[in-house]
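# sharing a model that was predicted from the sequence below.
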Amino acid sequence: MVLEIMTENEVTQKFPSLTVLTRKIENISVSTTDPILENLKTRVSDELRNSFKLESLKDEPVFRAYRNFFWQIGIDPTKIRPAAEALIRRVLNGKPLPRINTAVDAYNLASMVTRIALAAFDLEKIEGGITMRFSRAGESFLGIGMDKPLILTGAEIVMADASRLIAIYPHRDADYSRTTLQTKNVMLISCGVPGISPDQLKEAAEKASEFVVKFCGGTIEGAEH
């Protein structure tokens, strides 16, 4: 099973401090929901309401780092917000958190707690290794929840396996390789950008792994890149 991610030189040259950290969790059992997880979501949501104000959320240092990176790769963060920021905005606006499944809900919760963007892929759907590179103008990408494919410009950073795009980095995973009730082996990625430290990525990876194993079982393997 793949664990390492190869970054093409063009990306490394433009963003030398861009780092990702991966964790593989094997033999998980994903359920629709879990009452203990729902209670934890409620408790974390209450804590976040006491910690943040909606009008100043965008200025939180981690979110500011992601927003700055989004601008650099041609994504408008006032329209497409960093993942953790978007989830916390839902909470501050009085909306319930999404209920997808116990694996996705668990790592979404870890993203909210740590502020770090997290991605996850069903390893059985990945063909060959994963490469991080710039998109090619005209490439199409079908993300989770999208009605039709997005045509890319060439400015976006993407992750691709041997046959298809699996993510627009660091904000949208592909529908094809998403984590479902049938997923048994998952690859979690802590998505770094300039201004985010390795320690912050490690904290997010550990928290996400902790939550996924707590609510889905499984065993953890990990490697930095």
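Cool, the structure landed. Keep in mind that this is a model prediction, so the values were computed, not measured. Residues are numbered from 1 along each chain as shown.

# pull the longest helix from the protein.
The helix spanning the most residues in the chain, taking DSSP state H as the definition, is helix 198-216.

# contacts made by it with the rest, please.
If you take C-beta atoms under 8 Å, 6 or more residues apart in numbering as the criterion, helix 198-216 is touched by 19-23, 25, 28-31, 34, 36-37, 62, 102-103, 105-107, 109-111, 113-114, 116, 118, 186, 188, 190, 192, 218-220, 222, 224. For every residue, glycine as well, the C-beta is placed using N, CA and C.

# out of these, list just those in strands.
With strands taken from DSSP state E, the overlap with the contacts of helix 198-216 comprises 20-23, 25, 118, 186, 188, 190, 219-220, 222, 224.

# what would these look like in a markdown table with neighbour count?
A markdown table is the format used below for the ones in strands among the contacts of helix 198-216 (neighbours: other C-beta atoms under 10 Å):
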| residue | neighbour count |
| --- | --- |
| V20 | 21 |
| L21 | 23 |
| T22 | 22 |
| R23 | 25 |
| I25 | 26 |
| L118 | 26 |
| V186 | 25 |
| L188 | 24 |
| S190 | 31 |
| T219 | 11 |
| I220 | 15 |
| G222 | 15 |
| E224 | 14 |
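
# list the contacts for F63?
Contacts were defined as C-beta under 8 Å, 6+ apart; by that measure F63 touches 57, 82, 84-85, 115.

# what about 7 Å?
57, 82, 85, 115 (C-beta atoms under 7 Å, 6 or more residues apart in numbering).

# that's a helix at the first one, yeah?
In other words, L57. Yes. Residue assignment for L57, taken from DSSP: H, G, I helix; E, B strand; the rest coil, places it within a helix.

# quick one: residues contacting it.
Here L57 is in contact with 63, 85, 88-89, 92 (C-beta under 7 Å, 6+ apart).

# in those, find the pair that's most separated.
Greatest spatial distance in these: F63 and L92, 12.6 Å, computed using C-beta to C-beta.

# which residue in the ones in strands among the contacts of helix 198-216 has the weakest pLDDT?
The lowest pLDDT within the ones in strands among the contacts of helix 198-216 belongs to E224, with 50.
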